[in-house]
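1. here is a sequence together with a model predicted from it:
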Amino acid sequence: MTLRRALGRSINTVSAYLVKNMGPTKVVDYAKRLGITSKLEAVPSIALGSQDVSIYELLGAYSTFVNQGVWTKPKYITRIEDRRGNILWEEPTQTVEALSDETAYLMVHMLKGPLEEPGRHGLRNVPV
């Protein structure tokens with residue numbers, strides 16, 4: 001079974017197997033590269049989302065995939081303008097090259113699994 005299909009069908013044993021082979025320490029290292037600053041323990045259950053991470057950190061991590069591997073610090077306010085459109089303050093953008101663009105592309109492809117794979121459990125199956 002492909003990893004994409006496993007993610008699409010929520011077959012967690014495949015994710016657990018992957019973490020077992022990679023090692024939980026490598027998973028934590030990747031999480032840190034993707035901007036996760038919360039304390040993460042390198043334990044096998046990390047494959048199942050067993051540790052707390054803020055939505056703010058997850059936003060930065062997931063946006064790395066669609067930004068071709070470039071982590072961008074999430075911002076609440078980008079700039080403040082006066083009524084004439086003059087910029088009074090602007091937040092500088094912080095970025096870090098976190099992944100190769102190829103890896104980021106593959107992650108986006110895999111994350112589409114819940115909506116595109118046969119037998120999916122995505123939102124398209126929810127009756128309206």
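-> Received the coordinates, thanks.
2. in stretch 87-105, which residues are buried?
-> For stretch 87-105, a neighbour-count test (16 or more other CB atoms under 10 Å) marks 98-99, 104 as buried. Just so you know, the C-beta spots here come from the backbone N, C-alpha and C atoms, and that holds for glycine as well.
3. stretch 29-43 now?
-> For stretch 29-43, the neighbour count (16+ other CB under 10 Å) marks 31, 33-36, 40 as buried.
4. what does stretch 2-19 give?
-> Of the residues in stretch 2-19, 4-9, 14-15, 19 count as buried by neighbour count, 16+ other CB under 10 Å.
5. which residues in this structure form helices?
-> Listed in chain order, the helices of the chain (DSSP state H) span 3-8, 12-22, 24-33, 55-66, 101-111, 113-116.
6. distance to residue 86 and mean pLDDT added to those, as TSV?
-> Converted to TSV, these look like this (distance: least, CB to CB, whole Å; pLDDT from 0 to 100):
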stretch	distance to residue 86	mean pLDDT
helix 3-8	47	85
helix 12-22	50	93
helix 24-33	38	96
helix 55-66	29	96
helix 101-111	36	95
helix 113-116	43	80
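7. now these in JSON lines, with distance to residue 48?
-> Formatted as JSON lines, these follow (distance: least, CB to CB, whole Å):
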{"stretch": "helix 3-8", "distance to residue 48": "13"}
{"stretch": "helix 12-22", "distance to residue 48": "6"}
{"stretch": "helix 24-33", "distance to residue 48": "11"}
{"stretch": "helix 55-66", "distance to residue 48": "15"}
{"stretch": "helix 101-111", "distance to residue 48": "17"}
{"stretch": "helix 113-116", "distance to residue 48": "16"}
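8. out of the ones you listed, flag the one nearest residue 90.
-> Nearest of these to residue 90, taken as CB to CB: helix 55-66 at 19.3 Å.
9. buried ones in the closest one?
-> 57, 60-61, 63-65.
10. let me know the closest of the buried residues of stretch 29-43 to residue 116.
-> Nearest member of those to residue 116, counting by CB to CB, is residue 34, at 23.2 Å.
11. contacting residues around the residue nearest to the spatial centre of the chain?
-> Most central in the chain under CA atoms, centre = their mean is residue 62, positioned 2.7 Å from the mean C-alpha point. The contact partners of residue 62, by CB atoms under 8 Å, 6 or more residues apart in numbering, come to none.
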